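> quick one, what's the 3D model for this:
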Amino acid sequence: MPRQVPIPDDLTKPFWDAINERRLVVQSCTDCGTLQYPPRPECQDCGSGNLGWKETNGRGKVSGYIVIHDSRMKVWWAEQPYNVAVVQLEEDPTINFFSNLPGTPVDDVPVGASVEVMFEEVAPGKLVHDWRVLS
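Numbers count the residues shown, from 1 in each chain. From the prediction side, this is the model:
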């Protein structure tokens, strides 16, 4: 599927830098230990601004999905219909990522399946993350 090239801001740059190194990271509060994604300027639990980044093992489980038949994003029109799966991160199931699970037929998403992160080059030296079902 076509992908847009991410344009990081100051808050998301460490995340996208890690993706370009083929690593999946999430924010980690140095005061209370909370992991969070997407990135925020402060901890979602304690409000601290003392945040760092923690590398994950890049694994998760599919908790559900929807099928998009009428995307508002023009780059996806040719791919309709397509899946959008919710992937719960193994280290913290409250953290969700979204994926079309490349190679998974529409409306055939294996809910409960284990997945791992994968990376796709969308421009020279620019990667995005996605997820693939483990056999």
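> quick one: the strands in this protein?
25-29, 35-36, 51-55, 59-68, 82-89, 96-99, 114-123, 126-133 (DSSP state E).
> nearest to Asp107, out of the ones you listed?
Of all those, the one in closest proximity to Asp107, counting by Cβ to Cβ, is strand 59-68 (5.4 Å). Bear in mind the C-beta positions are built from the backbone N, C-alpha and C, glycine included.
> the closest one relative to strand 114-123, how many degrees between them?
Counting by axes from the mean of the first three to the mean of the last three Cα atoms, to 10 degrees, strand 59-68 points 70 degrees away from the direction of strand 114-123.
> list the contacts of Phe98.
84-87 (Cβ atoms under 8 Å, 6 or more residues apart in numbering).
> which of the residues you listed lies closest to Cys29?
Taking Cβ to Cβ as the measure, Cys29 lies nearest Val87 of these, at 22.0 Å.
> that closest one touches Val62, doesn't it?
Yes. Assessed by Cβ atoms under 8 Å, Val87 is found in contact with Val62 at 6.0 Å.
> domains for this protein, by residue range?
As recorded under automatic domain parsing, the domains making up the chain are 9-55, 58-135.
> what comes up buried for stretch 98-115?
Residues 99-101, 104, 109, 113, 115 are the ones in stretch 98-115 that count as buried (16 or more other Cβ atoms under 10 Å).
> and Val87 and Val62? Which one has more around it.
Each of Val87 and Val62 has its neighbours counted (other Cβ atoms under 10 Å); Val87 has more, 25 against 22.
> and the more buried one, bridged to which residues?
Beta bridges link Val87 to Val62, Phe97 when assigned by DSSP bridges.
> now do Val115
For Val115, the beta-bridge partners are Gly60, Val133 (DSSP bridges).
> how close does it get to Ile95?
14 Å (Cβ to Cβ, to the nearest Å).
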